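Undergrad: Sequence plus the predicted model coming up.
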Amino acid sequence: MSSLSMNKVRGRAINANTQNTNNFSMWMEPLSHKDYPVTNVVNPTNNALITSNGVKNTVIAQPGLTYNNVRLDVSGSVNPTKWTTGQTINTVFLAGDDPSLNQINTSISAGTVASYRYTPCSTTSKIIVEYGALYVVVGNTNNTTNVVDSFESLITVTGVSDPIGKRQQYFRTGDGGSNRSSTLFPISGSYTNAALTQVEFNITLSRINGDDTVQFYKLAFDAFMKITEIAL
């Protein structure tokens, strides 16, 4: 074989090796090192989440999340399973005529005024209970015997010994009489929750002293209970 033929063979080998190196660099280069323009964007918008519809070179822009300027437009419901501390997890509002509130419509000296069973949404939460009611103390202060009519209201949790809310109301005799204390309602309290099982909240009344009773009512505008569950 002539020297010319050897040079041709050597040149062809070097050229082939160079081409293979270039091809390897082109195909093995990380995708992040190059820009790959999208040739067809369906429904373009300034606030969009870009997703593929399974067709090559085609993506669909839907209203959604924008990078570094968080905005989320959701046409359906959001059902999270985690929450940040202090975030509202769930809220329930019950009017006086709601059957699940078990609001009484009578005059009592002691007993349960209303109760509700709430099912928590999280195992790490605080449940805030707020209750208000229209009530009328039936009777008069006895000036002759100087009996002080007084009552106490509580928010209790079934199975828990200590109340989570407490109010007292005293009716005095003499000058500057009438009510000389807090009132029975509205009342609020909080319960630290650690399970997904139902929790029963009770609003109770007891007479501390005297012989009067308290009249309650149960129309929609007569009473309410609001429950707010927040994340811990």
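TA: Perfect, thanks for sending it. Predicted, not measured: the structure shown is a model, and the values here were computed from it. Numbering: from 1, shown residues only.

Undergrad: For the protein, which segments count as helices?
TA: 3-28 (DSSP state H).

Undergrad: Tell me, how many residues neighbour the nearest residue to residue 209 once chain neighbours are set aside?
TA: Nearest residue to residue 209, sequence neighbours excluded (C-beta to C-beta, 6 or more residues apart in numbering): residue 150, at 4.8 Å. (C-beta placed from N, C-alpha, C; glycine too.) Residue 150: 17 surrounding residues under other C-beta atoms under 10 Å.

Undergrad: ok, now residue 192?
TA: Close neighbours of residue 192, defined as other C-beta under 10 Å, add up to 10.

Undergrad: shouldn't it be in contact with residue 126?
TA: Yes. The pair residue 192 / residue 126 is scored as a contact, 5.6 Å apart, by C-beta atoms under 8 Å.

Undergrad: Which neighbours do the two have in common?
TA: Taking C-beta atoms under 8 Å, 6 or more residues apart in numbering as the criterion, residue 192 and residue 126 both touch residue 232.

Undergrad: is the residue nearest to residue 209 in a bridge, and if so with what?
TA: For residue 150, the beta-bridge partners under DSSP bridges are residue 170, residue 209.

Undergrad: Equivalent analysis for the one 4 residues further on, please.
TA: Here residue 154 sits in beta bridges with residue 166, residue 204, going by DSSP bridges.

Undergrad: so what's it scoring on pLDDT?
TA: Note for residue 154: predicted pLDDT of 98.

Undergrad: For it, list the residues it contacts.
TA: 163, 165-167, 187, 202-204, 206.

Undergrad: what number of residues lie near residue 217?
TA: Residue 217: 17 surrounding residues under other C-beta under 10 Å.

Undergrad: Could you tell me the model confidence score at it?
TA: At residue 217, the model reports a pLDDT of 98.

Undergrad: Can you verify my assumption that it contacts residue 114?
TA: No. Judged on C-beta under 8 Å, residue 217 makes no contact with residue 114 at a distance of 11.3 Å.

Undergrad: In ChimeraX, how would I select the buried members of the contacts of residue 154?
TA: Selecting only the buried entries of the contacts of residue 154 in ChimeraX, with 16 or more other C-beta atoms under 10 Å as the criterion:
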select :163,165,167,187,202,203,204
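
Undergrad: that older thread, which residues are in contact with both of residue 217 and residue 114?
TA: Contact criterion C-beta under 8 Å, 6+ apart; residues shared by residue 217 and residue 114: 133, 223.

Undergrad: buried residues in stretch 76-89?
TA: By neighbour count on 16+ other C-beta under 10 Å, the buried set for stretch 76-89 is 83, 89.

Undergrad: How is the chain divided into domains?
TA: Following automatic domain parsing, one finds the domains of the chain at 40-78, 88-231.

Undergrad: ranking those domains by burial, who's on top?
TA: Stretch with highest mean neighbour count among the domains of the chain: domain 88-231 (a mean of 16; mean count of other C-beta atoms under 10 Å).

Undergrad: distance between the ends of it?
TA: Its first and final residues considered, domain 88-231 spans 7 Å by C-alpha to C-alpha, to the nearest Å.
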